[in-house]
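**Student:** Predicted coordinates and the sequence they were generated for:
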Amino acid sequence: MKILIEIPTWLGDAVMTTPAIENIVASYPQCELIIFGSYVPTNLFSHHPNVETIVIDESKKEGNRYLNLYRLAKSIGEIDIVLSFRKNFTTRFFFGV
């Protein structure tokens, strides 16, 4: 089972998501996690045994952000469960693709 998790932008907030992520892994022990977020907080999960992929959101760097997010979402492929620890329009757009 593939689970995509969007983590908060700030490192401290990302640290506070770790108990929830561990509960997800406890509920789905064979899951493969895809962590999505900014560079620094995603590195927090770089050595987690269930993390298959880390996707760094660089959609703001150049061009149209929403077109970049669309392309990024399509490149990730099929996901079984999508979770976010953020609430904003960009998250809804990214997950709606």
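**Tutor:** On my side now, so go ahead. Numbers count the residues shown, from 1 in each chain.
**Student:** Flag every buried residue along the longest helix belonging to the chain.
**Tutor:** With DSSP state H applied, the helix covering the greatest number of residues in the chain is identified as helix 65-76. Neighbour counts over helix 65-76 (16 or more other Cβ atoms under 10 Å) mark 68-70, 72-73, 76 as buried. Bear in mind the C-beta positions are built from the backbone N, C-alpha and C, glycine included.
**Student:** Ile5: which of those is nearest?
**Tutor:** Ile76 (12.1 Å; Cβ to Cβ).
**Student:** Can you tell me which of the buried residues of helix 65-76 lies closest to Thr9?
**Tutor:** The closest of these to Thr9 turns out to be Leu69 (Cβ to Cβ; 14.8 Å).
**Student:** The residue nearest to the spatial centre of the chain and Ser75, how far apart?
**Tutor:** For the chain, Phe36 is the residue whose C-alpha lies nearest the centre (Cα atoms, centre = their mean; 2.3 Å). Phe36 is 12 Å from Ser75, where distance means Cβ to Cβ, to the nearest Å.
**Student:** Right, I'll leave it there.
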